[in-house]
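Peer 1: Coordinates for the following, if possible.
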Amino acid sequence: MRPKVTNYRDLTLLEMGDEIIVIACDSLGAIGNKENDIVKTSGNIVGRFTVRVPLMEVMAAGAEPLVIVNALCVEMEPSGREILSGIKEELTSAGLTDITITGSTEENMLTTQTGVGITVLGKVKTAALRLGRAEAGNYVYCLGSPKVGNDVLNTTVPDVPLLRKLLAQTWITEILPVGSKGLLYEAGQLAAGAGVRFSLNADAKVDVYCSAGPVTSLLVAAREERATDLAKLSDLDVFCIGELHN
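Peer 2: Have a look, this model is predicted:
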């Protein structure tokens, strides 16, 4: 029997009996150490930051990552090897050393600009899926100031160890990694998925329109006022950006 396939925000869900395969992907271009890259950084950093995005999206949904697929639009030596080293380092720091990694590189053409695509597949029991769980009355917090481009290289960003801490808190109903569309858009998506509405705080004290690049911010929906508790869990800045309501 063919599995039911649905799209939920940036995720693709494959329903297979009492389990769901959760799929997330991300891409990167013109960031690296090649001649025509606009933002200059190492291949290692490229690998770490790019895999972190779909990895955190899958885990925020409650799924256990199983497979990493990397489509590297660069040659294996030396660029691809450096990017893969970053992917593996990120997985190690996340405590995910038993994940299968597969992919491909460009060996036929000379590339002068870095391009990367990464897909993560994870699995979760249907009852444990952490999507659409936010509720009316929840406070919506942002952890980490949104950054993009060169600014990302000089800031502390959310990581998987922090995500694990957040997932363990019973007062957190839902977590949403923020990307290029910014906080306000993602807060609206969070609310829509739960069948409620989002009201923005007039004094949110953070740019809700700025791209958060490779998940430099996390949205957290909490049942009570929890700014102090969130600050204890993380070294990141904490902003209460709004509330959910019917």
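
Peer 1: Let me see the domain layout of the protein.
Peer 2: 4-128, 139-245 (automatic domain parsing).

Peer 1: For the ones you listed, could you give me TSV that also reports mean neighbour count and mean pLDDT?
Peer 2: In this view, the C-beta of every residue, glycine as well, is placed from N, C-alpha and C. Shown next, in TSV, are these (neighbours: other Cβ atoms under 10 Å; pLDDT from 0 to 100):
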stretch	mean neighbour count	mean pLDDT
domain 4-128	18	97
domain 139-245	18	95
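
Peer 1: Output the contacting helices and strands for the lengthiest helix in the chain.
Peer 2: Under DSSP state H, the helix in the chain containing the largest number of residues is helix 43-60. On a contact count with 3 or more Cβ pairs under 8 Å, 6 or more residues apart in numbering; DSSP states H and E, helix 43-60 meets strand 19-29, strand 31-32, strand 64-72, helix 81-93, strand 115-125, helix 160-167, strand 172-178.

Peer 1: Surely Gly132 is within a helix?
Peer 2: No - secondary structure of Gly132 (DSSP: H, G, I helix; E, B strand; the rest coil): coil, not part of a helix.

Peer 1: which non-adjacent residue is nearest it?
Peer 2: Closest residue to Gly132 apart from its sequence neighbours, by Cβ to Cβ, 6 or more residues apart in numbering: Gly193 at 4.6 Å.

Peer 1: Pick out the residue nearest the middle of the chain.
Peer 2: Val53 (3.4 Å; Cα atoms, centre = their mean).

Peer 1: how close does it sit to Gly179?
Peer 2: The gap separating Val53 from Gly179 is 7 Å, by Cβ to Cβ, to the nearest Å.

Peer 1: who touches both of those two?
Peer 2: Common neighbours of Val53 and Gly179, counting by Cβ atoms under 8 Å, 6 or more residues apart in numbering, are Asp26, Pro214, Val215.

Peer 1: so Glu19 bridges to which residues?
Peer 2: Per DSSP bridges, the residues bridged to Glu19 are Met16, Lys125.

Peer 1: for it, what are its contacts?
Peer 2: So Glu19 contacts Lys123, Val124, Lys125, Thr126 (Cβ under 8 Å, 6+ apart).

Peer 1: how about JSON lines for those, with distance to Gly188 added?
Peer 2: Formatted as JSON lines, the contacts of Glu19 follow (distance: Cβ to Cβ, whole Å):
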{"residue": "Lys123", "distance to Gly188": "28"}
{"residue": "Val124", "distance to Gly188": "24"}
{"residue": "Lys125", "distance to Gly188": "28"}
{"residue": "Thr126", "distance to Gly188": "26"}
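
Peer 1: Can you tell me the SS state at the closest residue to Val206 other than its chain neighbours?
Peer 2: Once flanking residues are discounted, Val206 sits nearest to Phe239: 4.4 Å by Cβ to Cβ, 6+ apart. Put simply, Phe239 is strand when judged by three-state DSSP.
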